[in-house]
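K.L.:
Quick one: sequence plus predicted model below, questions after.
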Amino acid sequence: MSEVLKRSVVLLEALRPTEMRNSWTLTEISRHVDIPTQTVHRLLNQLVELGFVYRDHESKTYRLGLTLMQLGLSIVDHLSVRNVGLPIMRKLGQETNESVYLTIPEGTDGIFIECIESPHFFKIVEPVGMRRPLHKAASKKVILAYYNEEYRKQVIQQLRESYYNELSGIEAELEQIYRNGYTVSYGETTEGTTSIAAPVFSWKVRLLHP
């Protein structure tokens, strides 16, 4: 990956909105990514031209641009598993009065691609697009548990490169999940929450257990 492209991605990640704010000044961004202000300014201007970043001339701050949202939504709208699963998710949400998430794998991560929010006034909403490694939390572990043995070992080996200390006993845990057909996790994605997850199957079964 070229240095310009790598730095551009770093800047986009740095502009990810938080609960407290969604825009930052040039100086704040430069300090956060530890890249010289002049370089950050040049790259941001290019991203502004492409619509990936929006510059507020009045406040002199930067935030993610709507082009990124358009690209993301175009992907979501064409995910067949989401389109098929959405009515079932709505029904499940109505029956349980809890939030319902749909997770798909990408590499060694699991990504929330859809959510039906709980009707409760007090709730924790984990954003669509949230990415977490496949050994963390119920919806990710249940995916990993149903990969066939060879592919699962490959994924675990890749995960060990970054999360070695977190993977003790993971194989036994995944086998138990596979035998049960579901799993429960406590506070692995967001502290204080409980998650229950089960796998959803399609005709593409080559990655699943025999």
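P.N.:
That came through fine.
K.L.:
going forward, measure contacts between C-alpha atoms and count neighbours the same way
P.N.:
Will do.
K.L.:
which residue sits closest to residue 40, ignoring its sequence neighbours?
P.N.:
Nearest in space to residue 40, with sequence neighbours left out and distances taken as Cα to Cα, 6 or more residues apart in numbering, is residue 30 at 6.2 Å.
K.L.:
quick one: contacts for the one you found?
P.N.:
By Cα atoms under 8 Å, 6 or more residues apart in numbering, the contact set of residue 30 is 36, 37, 40.
K.L.:
buried residues in the longest helix belonging to the chain?
P.N.:
Scanning the chain for the helix with the most residues, using DSSP state H, yields helix 80-96. For helix 80-96, burial by neighbour count (16 or more other Cα atoms under 10 Å) applies to 81, 82, 86, 89, 93, 94.
K.L.:
Using PDB, write down the CA coordinates of the worst-scoring helix or strand of the chain on mean pLDDT.
P.N.:
Every helix and strand of the chain was ranked by mean pLDDT, DSSP states H and E. The lowest is helix 66-77, at a mean of 76. Extracted C-alpha coordinates of helix 66-77, given in PDB (Å, rounded to 0.1, in the frame of the first residue of the first chain):
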ATOM      1  CA  LEU A  66     -21.600  11.900   2.900                       C
ATOM      2  CA  THR A  67     -19.900  10.100   0.000                       C
ATOM      3  CA  LEU A  68     -18.700   7.400   2.500                       C
ATOM      4  CA  MET A  69     -22.300   7.000   3.800                       C
ATOM      5  CA  GLN A  70     -23.600   6.600   0.200                       C
ATOM      6  CA  LEU A  71     -21.000   4.000  -0.500                       C
ATOM      7  CA  GLY A  72     -21.700   2.100   2.700                       C
ATOM      8  CA  LEU A  73     -25.500   2.200   2.100                       C
ATOM      9  CA  SER A  74     -25.100   0.900  -1.400                       C
ATOM     10  CA  ILE A  75     -23.300  -2.100  -0.100                       C
ATOM     11  CA  VAL A  76     -25.800  -2.700   2.600                       C
ATOM     12  CA  ASP A  77     -28.800  -2.400   0.200                       C
END
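K.L.:
Helix 80-96 and that one, what's the angle between them?
P.N.:
80 degrees (axes from the mean of the first three to the mean of the last three Cα atoms, to 10 degrees).
K.L.:
And the residue nearest the centre of the chain, how close does it get to residue 161?
P.N.:
By Cα atoms, centre = their mean, the chain has its centre lying nearest to residue 131, at 1.9 Å. Per Cα to Cα, to the nearest Å, residue 131 is found 18 Å from residue 161.
K.L.:
Next one: the residue in the chain sticking out farthest from the centre, what pLDDT does it get?
P.N.:
Of all residues in the chain, residue 58 has its C-alpha farthest from the mean position, at 32.4 Å, by Cα atoms, centre = their mean. Residue 58 carries a pLDDT score of 88 in this model.
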